[in-house]
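J.: This is a predicted model, with the sequence first.
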Amino acid sequence: MKPFLPALLENGKIPSLYFRNQGLIHDHPIVVYADFETYQNKLTDVTRGTHTKVLASMNGAASFGFYAVSSIPSIPSHGSIERGTADEFIKQMLVLALRYRHVCRNPVEMKIRRRELEEHKVARKCYMCGRTRESLEAEMKGEKNLTEEEEMWLASVKSKVSYSFVKDHDHITGRFRGSSCFTCNLKAQMPKQVIVFFHNLESFDGHLLIEAIMRLRAHPTAQTSNENDSDDDEDLQGLSEMAEYQDGDDYETGVITLDWKRISRMRFDIIANTSEKYMQITLGPLVFRDSFKFKDVGLANLIKGQRKPCKDGKTTLSECFPILAANHPFLKKFPGDVSLDLILQKVPMAYTAITDSGYFDLPTVLPQEAYDNDLSGEPCSDKDFKLVGTVAQHFDLKDQGEYHDLYLWTDVLALWRPCAEDGGSIAASTFSSPSLCPLHHTRPC
Ligand SMILES: [Zn+2]
C-alpha cells in the first residue's frame with residue numbers, strides 16, 4: 001500500500017496523532033544524573049581502519065559524579081564527586097535503589113480530607129483517563145451492541161448498581177490524588193526502579209558499567225560450576241526477589257550488605273543496538289539509560305539553549321540555571337553570575353594527563369599541550385588555555401583534583417534541568433513530553 005498524507009481538518013489545520021499513557025503521569029520519585037571520568041593510556045602508532053589515528057585508550061573509571069533528585073523525605077536529594085571505580089559507583093546506586101524499594105514496599109497511609117471524600121463520592125469521571133462512570137459501568141457489564149430491551153434493562157439497574165471509583169493516593173505523602181478507574185489506579189503505581197542517566201551511555205559509559213557489573217557478579221574465586229545454579233525462570237525470579245529483601249539491611253542509614261552473591265542474583269538485562277552499543281542496562285532495582293537519546297546534542301549545546309533567556313538583558317544567569325546555581329559546590333563557595341558564567345564555558349580538561357591516581361595531585365594548571373583535544377588531535381588554543389588559568393585563579397583551585405571536581409560537577413548538574421523551568425515535574429524536567437519521557441522509554445520513538 002502506498003503511503004498517503006492524512007486529510008486536513010475542517011479548520012485547515014494538520015491533524016496530529018498522539019497518545020497518552022495515563023499510568024505515567026506521575027513523577028519518578030528518584031532520578032539520578034551521572035558521569036564518569038576515565039583513566040587514559042596514551043598510545044602512539046596505533047590506528048583504527050586506514051584513517052583514524054588512535055591517540056589514547058580508556059582504562060577504567062578514575063572518578064564518578066552523580067546527583068540524585070529525590071522527592072522522598074527519607075532520602076533527600078544529594079550528590080557526590082568521588083575518585084573511585086565504576087564498581088563503587090554501582091554499589092552506591094544499588095544502596096540508593098534498595099532504600100527506594102523499601103519505601104515502595106511501605107506506603108504511607110492515605111490522608112483524605114472530608115471535602116475530598118465528598119467529591120470522591122460524586123465523582124463523574126476518572127481523573128487520569130477521563131472515562132466517565134457510565135462508560136466504565138457499561139464496560140463492566142460487558143455491554144456491547146445492546147438491543148433496545150437490554151438498554152432499557154441497563155437504564156433500570158443503573159441507579160442501583162453503580163461503578164465505584166478507587167481513591168488514588170500518593171504512597172509517599174499519603175495525599176489523596178483523585179478518583180480513578182481501577183485500571184488507571186493499577187497503572188499509576190510507583191515505578192519499581194531508580195533511573196540513572198548518563199549522557200552518551202550508549203557509546204561510552206555503558207562499557208564501563210557492563211564491565212563493572214560483570215566483576216561485581218563474579219564469584220571471587222571464579223568457579224564456573226555451582227550446584228545451586230539453575231536455568232529455571234521461576235527459580236531465577238525467586239532469587240532476584242531474595243536479592244532485594246535481605247535480613248539485616250538498615251534502610252534508614254543505608255547500611256546494606258552488597259556481596260557478589262546478592263548482586264549475582266539480581267536481574268541483569270541489556271537492551272543493545274549492536275553488540276557494542278547499549279541503550280539500556282538493568283541491574284535489579286537500577287536502570288541505566290542514555291539521556292543523549294532524548295537530547296540529541298552535546299552538553300555544550302544543552303547549556304547554550306538554556307542560556308537563551310538571558311539575552312533579554314533582564315534574566316540573570318542564575319535564573320536560567322537555578323539548579324546549577326543552587327547545587328554546584330564551587331558556586332556555593334563563590335556565588336554570583338561571574339562564577340556561573342565561567343563554569344558554563346567549555347572549560348578545557350587535561351584528559352590525557354588522567355593516567356593514574358597521581359593525576360589528582362598534579363598542579364592546577366598543566367602545560368598548554370596537556371589540554372590538546374585528544375579526540376580530534378587539535379592543539380589547545382591560547383584563548384582556551386587562558387580560560388584554564390582564569391578558572392583556576394577565580395575559584396582558588398589547589399590542584400588538578402579540585403579542577404576535575406569543578407568540571408565534573410558542572411557535567412552532572414547541567415543534565416538536570418530544573419522542574420520550575422518547565423512548570424513541570426522531575427519527570428518533565430529535562431524532557432518535554434511526559435508520555436514519551438525517557439523515564440519510561442529507552443528512546444523517543
Ligand atoms: Zn482511568
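T.: Sure, I can see it. Numbers count the residues shown, from 1 in each chain.

J.: Only C-alpha atoms from now on, for both contacts and neighbour counts.
T.: Noted.

J.: Smallest gap between the stretch 1-150 of the chain and the ion, at which residue?
T.: Of all residues in the stretch 1-150 of the chain, Cys129 sits closest to the ion, at 4.0 Å by CA to the ion.

J.: In this structure that residue contacts Cys184, no?
T.: Yes - with contacts defined as CA atoms under 8 Å, Cys129 counts as touching Cys184 at a distance of 7.1 Å.

J.: Neighbour count: the two, which is higher?
T.: The residue with more neighbours, out of Cys129 and Cys184, is Cys184; 20 against 15, by other CA atoms under 10 Å.

J.: Over to the more buried one: give its phi and psi.
T.: Dihedral angles phi and psi of Cys184 (degrees, to the nearest 10) take the values phi -60, psi -40.

J.: what's the answer for His78, then?
T.: Phi and psi for His78, reported as degrees, to the nearest 10, are phi -160, psi 160.

J.: Helix or strand: which one has the residue of the stretch 1-150 of the chain closest to the ion?
T.: When secondary structure is defined by DSSP states H and E, Cys129 falls outside every helix and strand.

J.: Looking at it now. What's its pLDDT?
T.: According to the prediction, Cys129 has pLDDT 87.

J.: How about Arg133?
T.: As predicted, Arg133 sits at a pLDDT of 86.

J.: quick one, what contacts it?
T.: When the contact criterion is CA atoms under 8 Å, 6 or more residues apart in numbering, the partners of Arg133 are 124-126, 162-165.

J.: In this structure, where is pLDDT below threshold?
T.: With pLDDT under 70 as the threshold, the chain has low-confidence stretches at 1-6, 15-26, 43-57, 142-147, 149-162, 221-245, 292-299, 416-445.

J.: Would you map out the domains in it?
T.: With automatic domain parsing serving as the domain definition, the record reports that the chain contains domains spanning 22-107+191-296, 114-187, 299-417.

J.: Please state the offset of the last one from the chain centre?
T.: Distance of domain 299-417 from the chain centroid (CA atoms, centre = their mean, to the nearest Å) equals 23 Å.

J.: next one: the longest one
T.: In this view, domain 22-107+191-296 has its centroid 12 Å away from the chain centroid, taken as CA atoms, centre = their mean.

J.: just stretch 127-138 next, same as before
T.: Relative to the chain's own centre, stretch 127-138 is displaced by 33 Å; criterion: CA atoms, centre = their mean.

J.: How about the residues of the stretch 101-250 of the chain by the ion?
T.: If contacts are counted using CA under 5 Å from the ion, the residues of the stretch 101-250 of the chain sitting beside the ion are 126, 129, 181, 184.

J.: Can you give me the distance of the second one to Pro76?
T.: Relative to Pro76, Cys129 is positioned 31 Å away (CA to CA, to the nearest Å).

J.: now swap in the first one and tell me
T.: Taken as CA to CA, the spacing of Cys126 relative to Pro76 amounts to 32 Å.

J.: what does the last one give?
T.: Counting by CA to CA, the separation of Cys184 from Pro76 is 28 Å.

J.: Likewise for Ser381?
T.: Applying CA to CA to Ser381 and Pro76 gives a distance of 42 Å.

J.: between the two, which one's more packed in?
T.: Neighbours per residue, other CA under 10 Å: of Ser381 and Pro76, the larger number sits with Ser381, 15 against 12.

J.: would you turn the contacts of Arg133 into TSV with secondary structure and neighbour count?
T.: Conversion of the contacts of Arg133 to TSV gives the following (DSSP: H, G, I helix; E, B strand; the rest coil; neighbours: other CA atoms under 10 Å):
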residue	secondary structure	neighbour count
Arg124	coil	16
Lys125	strand	20
Cys126	coil	22
Ser162	coil	14
Tyr163	coil	17
Ser164	coil	17
Phe165	coil	22
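
J.: farthest-separated two in those residues?
T.: Longest distance between any two of the contacts of Arg133 is 14.1 Å, between Cys126 and Ser162; criterion CA to CA.

J.: which of the contacts of Arg133 lies closest to Thr282?
T.: Among the contacts of Arg133, Cys126 lies closest to Thr282 (CA to CA), at 33.1 Å.
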